[in-house]
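In: turn this into a model:
(one chain, ligands or ions: 1)
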Amino acid sequence: MNISPVEELFTLFNETALILQEELTCSYLEALAETGENLFQGAILQEELSELTVKRLKKQYSEISLDNYSNEDIRKAFQLVILKGMKENVQPNHQMTPDSVGMLVGYLVEKFVQKPSFRLLDPAVGTGNLLTTVINHSRKQISSIGVEIDDILIKLAYVNANLQGQPIQFFNQDSLESLFIEPVDAVIADLPVGYYPNDIRAADYQLKTEKGHSYSHHLFIEQGVRHTNPGGYLFFLVPNGLFESEQAPQLHEYLKDHTYIQGLMQLPTNIFKNKTSAKSILILQKKGENIQPPKQALLVKLPSLSNAFEMDKILTKMENWYQENKG
Ligand code: SAM
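Out: Okay, the predicted model is just below:
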């Protein structure tokens, strides 16, 4: 039977994570980060393991050389083991960005950001799946930064990046606190949706609300815009109802003052668990000298991504829009 490279890697990650999970009595995702780190360092880093376990792990690790696998094979296999771990421990706002969405964002970044080398920020980097998908699908030189508040997710992101040989700079912090980074040329983020509990911090943002908690997804958009160079682009995965909430007029005003809305692409609902969690991609350009607004924004509703014929029509529409407005 032929086993694909992704399956081979999945089996290695999964089996060694299970061994470590049992012996370290930790969660599967923590064990996965540990086994990834072992593979990257070429050593067994956990000192508390029995001799027998060390022997079993060494045997498994010796059967595979990462050099024989592409970055995309490694990313996909890592994505599958993370999905397995996430099923055990479901946290709705920590969902990994699906592949199909990552590839679409990758296509948009490649299309809009014309510089041969640029700086890219993902302030909600999670497991790094979206960020590494975008980097793997680009032919440009990208220097990237990922920020994440959850310490297990950022560990997974860091291991994911190391295994793929991606020199990403990571920060484990609340992205709505001050970010000590140089401005970037592009921002991508699958935004955490909901209320931001820290009202004192929120008070620093124009998009704070007067009453109660502010929307964290609105504050993330403002934070992204603040850290982008004039003329830079931002690609956010946002809830479909972004412009329908009671705080939407304020957001609209802010976006009008600081950015040009390039487009809003509604993703097919079948990618998401239910209609209420369905998302769109909001594309913005930060205002700056000599930056012209598009004649009109690109508004599309994407068909099922597996419908090649309809997808082709949309890609042609996007191409025409791009030529007329940006070309
Ligand atoms: N794109 C990510 C991936 O491929 O794994 C998934 C992003 S997930 C939809 C949103 C992420 O935002 C979660 O990982 C969550 O922990 C993170 N997050 C939520 N609030 C945050 C904050 N204030 N600062 C930094 N990260 C935050």
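In: where does the residue of the chain found nearest the ligand land in three-state SS?
Out: Closest to the ligand within the chain is residue 126: 2.7 Å, counting by Cβ to the nearest ligand atom. Placement of C-beta: from N, CA and C, glycine included. Three-state call for residue 126 (DSSP: H, G, I helix; E, B strand; the rest coil): coil.
In: ok, the residue nearest to it when sequence neighbours are not counted - contacts?
Out: In space, and not counting its chain neighbours, residue 126 is closest to residue 153: 5.1 Å by Cβ to Cβ, 6 or more residues apart in numbering. Going by Cβ atoms under 8 Å, 6 or more residues apart in numbering, residue 153 touches 94, 125-127.
In: what's the closest of those to residue 302?
Out: If you rank these by distance to residue 302 using Cβ to Cβ, residue 126 comes first, at 22.3 Å.
In: which residues are in contact with the closest one?
Out: Contact partners of residue 126, counting by Cβ under 8 Å, 6+ apart, are 94, 96-97, 148, 150, 153, 157, 190.
In: could you list which of the residues you listed also contact the ligand?
Out: The subset of those within reach of the ligand, counting by Cβ under 6 Å from any ligand atom, consists of 94, 96-97, 148, 150, 153, 190.
In: tell me the two of the residues you listed that are most distant?
Out: Greatest spatial distance in these: 97 and 150, 14.7 Å, computed using Cβ to Cβ.
In: which one's more surrounded, those two?
Out: Remark: of residue 97 and residue 150, residue 97 carries more neighbours, 25 against 17, as counted by other Cβ atoms under 10 Å.
In: list phi and psi for that one.
Out: Backbone torsions of residue 97, given as degrees, to the nearest 10, read phi -70, psi 130.
In: cool, residue 231 as well?
Out: Dihedral pair for residue 231: phi 90, psi -10, per degrees, to the nearest 10.
In: report pLDDT for it.
Out: You'll see residue 231 listed with a pLDDT of 98.
In: list the contacts for it?
Out: 285-286, 288, 290-291.
In: please, where are all the helices along this protein?
Out: 5-24, 28-41, 51-62, 71-88, 99-112, 129-136, 151-163, 199-202, 216-226, 248-258, 308-325 (DSSP state H).
In: determine which stretch of those helices is the most buried.
Out: The highest mean neighbour count among the helices of the chain, using mean count of other Cβ atoms under 10 Å, belongs to helix 129-136: a mean of 26.
In: that one near the ligand anywhere?
Out: Yes - Helix 129-136 reaches the ligand (Cβ under 6 Å from any ligand atom) through 129-130.
In: show residues contacting that helix.
Out: 71-72, 75, 79, 82, 96-97, 99, 101-103, 105-106, 109, 120, 122, 125, 142, 144, 146, 157, 160-161, 164, 166, 168, 188-190.
In: for it, the distance to its chain's centre please.
Out: The chain centroid and the centroid of helix 129-136 are separated by 7 Å, computed with Cα atoms, centre = their mean, to the nearest Å.
In: equivalent analysis for stretch 11-20, please.
Out: Relative to the centre of its chain, stretch 11-20 is centred 25 Å away, using Cα atoms, centre = their mean.
In: same question, stretch 241-258
Out: For stretch 241-258, the distance to the chain centre is 23 Å (Cα atoms, centre = their mean).
In: so what touches that stretch?
Out: With Cβ under 8 Å, 6+ apart as the test, stretch 241-258 has contacts from 206-207, 209, 214-215, 217-218, 221-222, 225, 261, 280, 282, 284, 286-287.
In: can you pull the residues of this protein lying near the ligand?
Out: Residues of the chain lying near the ligand (Cβ under 6 Å from any ligand atom): 93-97, 124, 126-127, 129-130, 147-150, 153, 174-176, 190, 192, 216.
In: ok, for the residue nearest the centre of the chain, nearest residue in space, not its chain neighbours?
Out: Centroid-nearest residue in the chain, with Cα atoms, centre = their mean: residue 130, separated by 3.2 Å. Counting by Cβ to Cβ, 6+ apart, residue 97 is the residue found nearest to residue 130 once chain neighbours are left out, at 3.9 Å.
In: check the one you found and give its pLDDT.
Out: The model reports residue 97 with a pLDDT of 91.
In: one more: residue 160?
Out: Note for residue 160: predicted pLDDT of 96.
In: and it, what does it touch?
Out: 36, 74-75, 78, 127-129, 132 are the contacts of residue 160 under Cβ under 8 Å, 6+ apart.
In: give me that answer again for 6 Å
Out: Neighbouring residues of residue 160 by Cβ atoms under 6 Å, 6 or more residues apart in numbering: 78, 128.
In: next one: the one 3 residues further on
Out: Contacts of residue 163 were listed using Cβ under 6 Å, 6+ apart, and they are 36, 40, 74.
In: just residue 145 next, same as before
Out: Applying Cβ under 6 Å, 6+ apart, we find residue 145 in contact with 121, 169, 181.
In: I'd say the first one and residue 184 touch.
Out: Yes - in this structure, residue 121 is within contact of residue 184 by Cβ atoms under 6 Å, at 4.4 Å.
In: okay, the two: which has more neighbours?
Out: Set side by side, residue 121 and residue 184 show more neighbours around residue 121, with 28 against 22, by other Cβ under 10 Å.
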